[in-house]
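J.: Okay, sequence plus prediction incoming.
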Amino acid sequence: MIIQILRVIAVLIAVSFIALYLKFLTEVNETNKIWRLLETSPNNTTFTTKMVAELPQPVQRYFLHAIQPGTPLANSVKLKMNGSFRLSPDKPWLPMQAEQIISALKGFVWNAKIGSGLMKFIGSDYCFNNFGRMRFSIWGIIPVVNAHNQDITRSAIGRFVGESFWLPSALLPQNGVTWQAIGDNTIEANMKVDGESVTLTFVIDSNGKLLKMSLPRWGDKTEDGSHTYIPFGGEVLEERTFEGFTIPSQINAGWWFGTDKYFDFFRANIEQAEFC
């Protein structure tokens with residue numbers, strides 16, 4: 001009798017795990033579909049200095065450093081990265097590997113594996129068609145987070161804009177971005193994504209190299225957990241040139257950037273960048 005009960009329990013557990021895994025595969029297929037929708041064809045238009053000639057001199061300096069003249073103007077970029085990630089200041093850093101696509105004016109998908117051993121989180125974070133979602137599970141089987149609401153969408157839009165430095169061509173004025181110079185080394189871009197107005201600030205050096213990025217990003221990293229616009233940003237530690245685009249290749253980023261409450265949770269190294 002006991003053996004029969006154990007067999008039934010074992011079957012129920014197996015069925016449950018199979019159901020969870022099939023659900024995971026369905027979620028992966030959904031994310032892959034969005035990824036494909038964000039893919040673009042090569043652009044025949046190339047970057048020229050005339051495209052930024054009317055912009056303030058510091059802004060010109062940034063673009064002339066980020067995009068070599070004659071480079072085809074990419075509409076999207078696919079990234080491979082590694083690094084580390086942590087959930088809160090008192091949590092340990094976990095190894096991270098991820099692939100990401102960013103498409104100008106459309107959105108992004110970030111597929112990541114975080115952690116190791118039994119505690120390996122697999123999932124994605126994406127923003128597309130005015131819809132943001134964060135979904136992770138342990139080894140793709142045990143759900144941990146599956147969040148999708150207006151707050152998630154607004155935060156995802158902030159991330160989308162904040163990471164546009166990996167696709168400099170998306171920031172050209174031809175894409176509806178308005179630029180101004182706050183100082184000789186501080187420039188500011190204003191844009192609207194899915195009805196959300198976002199202001200992005202870059203700190204650059206005398207050669208136009210990006211040093212820091214910041215923006216007000218919607219989030220709940222407050223004392224009472226309420227949502228508000230929080231200073232978000234990061235520092236560029238290294239840069240590399242891929243296919244005519246010079247982009248940050250090593251960054252640290254987090255909430256409350258520039259304040260004494262700064263909490264960096266994302267450290268990334270770009271291994272590969274493919275522009276289309």
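T.: Ah, there it is. Since the model is a prediction, treat every value here as computed from it, not as a measurement. Numbers count the residues shown, from 1 in each chain.

J.: which residues in the stretch 151-276 of the chain form strands?
T.: Ranges of strands in the stretch 151-276 of the chain, per DSSP state E, counting those that start in this stretch, are 178-181, 186-193, 196-204, 210-219, 228-242, 245-255, 263-275.

J.: is it possible to export those strands to TSV including mean neighbour count, mean pLDDT and distance to residue 37?
T.: Backbone N, C-alpha and C define where each C-beta goes, glycine included. TSV is the format used below for the strands of the stretch 151-276 of the chain (neighbours: other Cβ atoms under 10 Å; pLDDT from 0 to 100; distance: least, Cβ to Cβ, whole Å):
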stretch	mean neighbour count	mean pLDDT	distance to residue 37
strand 178-181	16	98	27
strand 186-193	18	96	16
strand 196-204	18	97	20
strand 210-219	20	98	24
strand 228-242	17	98	23
strand 245-255	21	98	23
strand 263-275	18	97	17
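
J.: Could you say which one of these comes nearest to residue 45?
T.: Closest approach to residue 45 among the strands of the stretch 151-276 of the chain (Cβ to Cβ): strand 263-275, 12.9 Å.

J.: Kindly calculate the angle that that closest one makes with strand 228-242.
T.: Orientation of strand 263-275 against strand 228-242 (axes from the mean of the first three to the mean of the last three Cα atoms, to 10 degrees) gives an angle of 40 degrees.

J.: Give me the contacts around strand 263-275.
T.: Applying Cβ atoms under 8 Å, 6 or more residues apart in numbering, the contact partners of strand 263-275 are 72, 74, 76-89, 93, 96, 98, 166-167, 221, 234, 240, 242-245, 247-256.

J.: ok, back up a step: format the strands of the stretch 151-276 of the chain as CSV; extra columns: distance to residue 38.
T.: Formatted as CSV, those follow (distance: least, Cβ to Cβ, whole Å):
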stretch, distance to residue 38
strand 178-181, 24
strand 186-193, 14
strand 196-204, 18
strand 210-219, 21
strand 228-242, 18
strand 245-255, 18
strand 263-275, 13
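
J.: so which helix or strand takes in residue 84?
T.: For residue 84, the enclosing helix or strand under DSSP states H and E is strand 76-85.

J.: Tell me the buried residues in that strand?
T.: For strand 76-85, the neighbour count (16 or more other Cβ atoms under 10 Å) marks 76-79, 81, 83-85 as buried.

J.: do stretch 94-101 as well
T.: Quick answer for stretch 94-101 (16+ other Cβ under 10 Å): 94, 96, 98-101.

J.: Can you name the residues that contact the spatially closest residue to residue 37 that is not a sequence neighbour?
T.: Nearest residue to residue 37, sequence neighbours excluded (Cβ to Cβ, 6 or more residues apart in numbering): residue 128, at 6.9 Å. Residue 128 is in contact with 34, 37-38, 106-109, counting by Cβ under 8 Å, 6+ apart.

J.: Same list, those residues, but as a markdown table with secondary structure, distance to residue 68 and pLDDT please.
T.: Shown next, in a markdown table, are the contacts of residue 128 (DSSP: H, G, I helix; E, B strand; the rest coil; distance: Cβ to Cβ, whole Å; pLDDT from 0 to 100):
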| residue | secondary structure | distance to residue 68 | pLDDT |
| --- | --- | --- | --- |
| 34 | helix | 31 | 95 |
| 37 | helix | 29 | 95 |
| 38 | helix | 24 | 97 |
| 106 | coil | 24 | 94 |
| 107 | strand | 26 | 97 |
| 108 | strand | 24 | 98 |
| 109 | strand | 27 | 98 |
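
J.: Now for these: which two are most distant?
T.: Most distant of the contacts of residue 128, by Cβ to Cβ, are 37 and 108, 11.6 Å apart.

J.: ok, the two, which is more surrounded?
T.: Between residue 37 and residue 108, counted using other Cβ atoms under 10 Å, the more crowded position is residue 108 (28 against 15).

J.: these two touch, right, that one and residue 162?
T.: No. Counting by Cβ atoms under 8 Å, residue 108 does not reach residue 162; the two are 10.4 Å apart.

J.: Below-threshold pLDDT in this structure: ranges please.
T.: 1-26 (pLDDT under 70).

J.: Tell me which of the strands of the stretch 151-276 of the chain sits nearest to residue 114.
T.: By Cβ to Cβ (comparing all of those), the closest turns out to be strand 263-275, at 10.5 Å.
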